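Student: I'll drop the sequence and a predicted model, then ask my questions.
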Amino acid sequence: MQMPPFPPENGVEGDDEREEGEDVDGDEEEEDDEEEPRLKYQRMGGSIPSLLSGDSASCVAVAERMVALGTHDGTVHILDFLGNQVKEFAAHSAAVNDLSFDIEGEYIGSCSDDGSVVLNSLFTDEKLKFEYHRPMKAIALDPDYARKSSRRFVTGGLAGNLYFNTKNWLGYKDQVLHSGEGPIHAVKWRTSLIAWANDMGIKVYDAANDQRVTFIERPRGIPRPEILVPHLVWQDDILLVIGWGTYVKIAAIRTKTNKGANGTYKRVTSSNMNQVDIVASFQTSCYISGIAPFGDALVVLAYISGEDGEKEFSSTIPSRLQGNAQRPEVRIVSWSNDELATDALPVHGFEHYKAKDYSLAHAPFSGSSYAGGQWAAGDEPIYYIVSPKDVVIAKPRDAEDHIAWLLQHGCHEKALAAVEAGQGRSELLDEVGSRYLDYLIVERKYAEAASLCPKLLRGSASAWERWVFHFAHLRQLPVLVPYMPTENPRLRDTAYEVALVALATNPSFHKDLVLTVKSWPRVIYSALPVISAIEPQLNTSSMTDALKEALAELYVTNGQYERAFSLYADLMKPDIFDFIERHNLQESIREKVVQLMIVDCKQAVNLLIQNRDLITPSEVASQLLKTRNKCNSRYFLHLYLHSLFEVNPHAGKDFHDMQVELYVEYDPKMLLPFLRSSQHYKLEKAYDICARKNLLREQVFVLGRMGNSKQALAVIINELGDIEEAVEFVTMQHDDDLWEELIHQCLNKPEMVGVLLEHTVGNLDPLYIVNMVPNGLEIPRLRDRLVKIITDYRTETSLRHGCNDILKADCVNLLVKYYNEAKRAVCLSSEEDAARSKRDADRASQTVTPSVRNMDVKSKTRGGGRCCMCFDPFSIQNVSVVVFFCCHAYHTTCLMDSAETKTSSKKETGAASEGLYEYEEEDADDNGSEASDPQMRCILCTTAAS
């Protein structure tokens, strides 16, 4: 894959494309474009551009806290991870060939073509230089160099000797570990194991046990090591990665018993290491300029030669003069040679470089945090790719890089899922969400975009408003309305109003408008703008029932209850009666009678009757009769008039003629009670209707009211055949001639004669009927009926005698009681005595409640203490007092003055200013002395009687 040019000091991701000149199948290239790269790249900035502007990099080494860069002029530069120079050592007079840190990163060792090896302390002025007089190509410090006093290191070069330098009490001493197999091209030290490469192959030495561990033969058919040097990397304490030419080998140093499951290896002591296994070996399609571990895979710095690849490695032409090389590539391959990712690096001057001009180093890492293809934060490996004029940093792509790649390739849904899974910064959700929504809008997936807004926009009111107006601009706002928040966050009123107007202007979303208006709180928007947008649609083809309902809800929100009621009535909403009651809209029902009846006729009738002072029966009837074709208006009118008649029989008197027809049509059973109760219908019309419908009893009643009793009686006898009803009818008429008519009409019907005999007792003399019966007429059950007549007559006679006896006894008892009461004195008490007596009586009535059965009727035997004429108390005047049996009392003078008599003689009936007076009427026969005197009468009683 080809990478775009690096912008200065900025990280740029790989393009995942190959060079146009490569012969790659189009389908494979398209497939590669869909594969996400594993690494991201950044050209190291800081001091690097200035350092390499006049010099060229030759090698690199990485410690935990810094980077060392060797150049062709023999200088060692110590840099931080941003490329800023920290220190500089002018260590050599020729090109630096190799660099090595100890594990603590306190010392740096370098070797050069000038034949010297220099060791510098990074934190002190300590510096050691060793001369070997032949170009030195490789150096490796003891990992514990800073901690051990032995200060060991190994180095080698063109002389072919591998020197093991150790400090003892006599000073520094070189020991030749190996020689005679050509120049030493590379050396690496891990724990106590030292691995080096010469012309014959790779050897491993155990410094702790002072013994050689293994030998790995050089791959066959590869270029000379001077042209294509071997590369050694310790992946961990027992795995050695070898990259030489086009071959890769991974050697595992172990004992016979330390092999674990799944190809893993346990750490063992050095004394037990006596066996090496090649656990992986494969050949690549490129030349290896560097190699490093990458979790459970490998990073290979691949050199792609020009068209004459074999001539290139055998030519003696200087590398700078040949310009047919291709861009170097960073490839990630598995141990089974599966290529996982490939990125082409656009380094400066790549056309003129050879394979040995590149080098690859990686920062130390444990690798324990690598799981599932991802690295733990802060534990990712960092790779440094060095060319003569460039230093490129490669890092594993993190979650944010993964998300950015998904967005770049249109995988917005996967990017969103990654952000929601907690990958990357939380702030990425806004960016991913915005780009995802933009993508869906471009693809015209408006509904999907709207459904994602709550998740992507969350609580940002400004973001919500921005997208609301964007959807409105696209005329797609109705699909967003169901997802708009009404709180947390609450948007501006304008946003909600625009949304409601958008729903109102699109007939397809009128039902959604109703749901929205009902569900949204009324305080978040103003109803007036929405009402203004809907009202012009009234009485047009775009006005739907749903839009009417929404407008009614908006009227309610705006306090326009009368207008809302009008729309609810047209829509015939079931809860309209509660709405009327809740908002006191009884005056508004005048024009909506029919609609209310259709919704619920029972509630409508009750409402109309309760408010008959606001809407008269004639108005109700008029509206119902006008809509005869739209609904069953006559039935509604019947219900209304019937209920109105029950409440007030005279309220709907103008419609009683029509009501007769309605009863006949809908409720014939109630016609007769109506005919009996009403006085406002036309008898002739009512009779015609009843006759037309053959309603016999109703005909009888109407005929009776019309005075045509004989015809009514004929209907009862001839049509109904109910003699009992006939008798009852005749009895109610109190007409002797009608009895004669009844008898004459029954004489030809023996059965009716018998029934007539049974029911005339008490109304007519049975003998009269018997005498009128023609001789020879056979009457069924005549004997039994005669016996019954006689028995009933005797019973009636006995009851009459008993009643007379009871009446006489009651009269005697009442006379006796009246006489006894008349003999009693009448007490005239003062006002104080009357009040005291009243309190005593009230107290007695509260404590003792006599039973109704034992309670006797008592007459009033206590008179008032005042004159019934002048109303003065008797005690203040020394005048005689007249008291009547009715307990009314008068001053004698007052009574005499008011009495209108023919004579002027007055007789005093008694005198006493205070005390007890009685007036006893003497019989006319007692000496006749007072028979001629005028009789005194109670003024009040006499006046009331008259």
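Tutor: Perfect, I can see it now. Residues are numbered from 1 along each chain as shown.
Student: Could you pull out the strands in the stretch 51-200 of the chain for me?
Tutor: Ranges of strands within the stretch 51-200 of the chain are 57-62, 67-71, 75-79, 85-90, 96-101, 107-112, 116-121, 127-131, 136-141, 153-157, 162-168, 171-178, 186-190, 193-197, based on DSSP state E, counting those that start in this stretch.
Student: could you say what helices and strands the second one packs with?
Tutor: Read it as strand 67-71. helix 48-53, strand 57-62, strand 75-79, strand 96-101, strand 107-112 (3 or more Cβ pairs under 8 Å, 6 or more residues apart in numbering; DSSP states H and E). Backbone N, C-alpha and C define where each C-beta goes, glycine included.
Student: returning to that earlier point: rebuild the strands of the stretch 51-200 of the chain as JSON lines, extending it with distance to His510 and mean pLDDT.
Tutor: Output for the strands of the stretch 51-200 of the chain, formatted as JSON lines (distance: least, Cβ to Cβ, whole Å; pLDDT from 0 to 100):
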{"stretch": "strand 57-62", "distance to His510": "69", "mean pLDDT": "93"}
{"stretch": "strand 67-71", "distance to His510": "69", "mean pLDDT": "94"}
{"stretch": "strand 75-79", "distance to His510": "70", "mean pLDDT": "94"}
{"stretch": "strand 85-90", "distance to His510": "73", "mean pLDDT": "92"}
{"stretch": "strand 96-101", "distance to His510": "76", "mean pLDDT": "94"}
{"stretch": "strand 107-112", "distance to His510": "79", "mean pLDDT": "95"}
{"stretch": "strand 116-121", "distance to His510": "83", "mean pLDDT": "94"}
{"stretch": "strand 127-131", "distance to His510": "88", "mean pLDDT": "93"}
{"stretch": "strand 136-141", "distance to His510": "82", "mean pLDDT": "94"}
{"stretch": "strand 153-157", "distance to His510": "87", "mean pLDDT": "94"}
{"stretch": "strand 162-168", "distance to His510": "90", "mean pLDDT": "92"}
{"stretch": "strand 171-178", "distance to His510": "92", "mean pLDDT": "89"}
{"stretch": "strand 186-190", "distance to His510": "77", "mean pLDDT": "93"}
{"stretch": "strand 193-197", "distance to His510": "81", "mean pLDDT": "93"}
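Student: Mind putting the ones you listed into a markdown table with distance to Ala415 and mean neighbour count?
Tutor: Formatted as a markdown table, the entries for the strands of the stretch 51-200 of the chain read as follows, by distance: least, Cβ to Cβ, whole Å; neighbours: other Cβ atoms under 10 Å:
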| stretch | distance to Ala415 | mean neighbour count |
| --- | --- | --- |
| strand 57-62 | 33 | 22 |
| strand 67-71 | 33 | 26 |
| strand 75-79 | 35 | 21 |
| strand 85-90 | 39 | 14 |
| strand 96-101 | 40 | 26 |
| strand 107-112 | 43 | 27 |
| strand 116-121 | 48 | 20 |
| strand 127-131 | 53 | 14 |
| strand 136-141 | 45 | 26 |
| strand 153-157 | 50 | 28 |
| strand 162-168 | 53 | 19 |
| strand 171-178 | 55 | 14 |
| strand 186-190 | 41 | 23 |
| strand 193-197 | 44 | 24 |
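Student: Let me have those strands in a markdown table, adding distance to Ser387 as columns.
Tutor: Conversion of those to a markdown table gives the following (distance: least, Cβ to Cβ, whole Å):
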| stretch | distance to Ser387 |
| --- | --- |
| strand 57-62 | 7 |
| strand 67-71 | 12 |
| strand 75-79 | 16 |
| strand 85-90 | 19 |
| strand 96-101 | 15 |
| strand 107-112 | 19 |
| strand 116-121 | 24 |
| strand 127-131 | 29 |
| strand 136-141 | 19 |
| strand 153-157 | 23 |
| strand 162-168 | 29 |
| strand 171-178 | 32 |
| strand 186-190 | 19 |
| strand 193-197 | 22 |
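Student: what are the ranges of the strands in the stretch 701-850 of the chain?
Tutor: Per DSSP E, counting those that start in this stretch, the stretch 701-850 of the chain carries strands over the ranges 827-828.
Student: where in it is pLDDT low?
Tutor: For the stretch 701-850 of the chain, the stretches flagged by pLDDT under 70 are 721-724, 734-737, 740, 745, 747-778, 781-782, 824-838, 840-850.
Student: which ones are touching the nearest residue to Cys111 once chain neighbours are set aside?
Tutor: When the adjacent residues along the chain are set aside, Cys111 lies closest to Met136, with 3.7 Å between them (Cβ to Cβ, 6 or more residues apart in numbering). Residues near Met136 by Cβ atoms under 8 Å, 6 or more residues apart in numbering: Asn97, Asp98, Cys111, Ser112, Asp113, Gly115, Ser116, Val117, Thr155, Gly156, Gly157.
Student: Could you report the separation of the second one from Tyr247?
Tutor: Translated: Asp98. Computed with Cβ to Cβ, to the nearest Å, the distance linking Asp98 and Tyr247 is 22 Å.
Student: which residues of the stretch 451-600 of the chain fall in helices?
Tutor: Remark: helices assigned in the stretch 451-600 of the chain by DSSP state H, counting those that start in this stretch are 461-473, 493-504, 510-519, 527-534, 545-557, 561-571, 576-583, 593-599.
Student: looking at the ones you listed, which is closest to Val816?
Tutor: In terms of Cβ to Cβ, the element of those nearest to Val816 is helix 576-583, at 65.8 Å.
Student: Can you mark which positions in the closest one are buried?
Tutor: For helix 576-583, the neighbour count (16 or more other Cβ atoms under 10 Å) marks Ile576, Phe577, Phe579, Ile580 as buried.
Student: Could you do stretch 47-55 as well?
Tutor: Buried positions in stretch 47-55, judged by neighbour count with 16+ other Cβ under 10 Å: Ser47, Ile48, Pro49, Leu51, Leu52, Asp55.
Student: what's the answer for stretch 451-464, then?
Tutor: Counting neighbours by 16+ other Cβ under 10 Å, stretch 451-464 gives Leu452, Cys453, Leu456, Leu457, Ala463, Trp464 as buried.
Student: now do stretch 792-801
Tutor: Burial within stretch 792-801, assessed by neighbour count using 16+ other Cβ under 10 Å, is assigned to Asp792.
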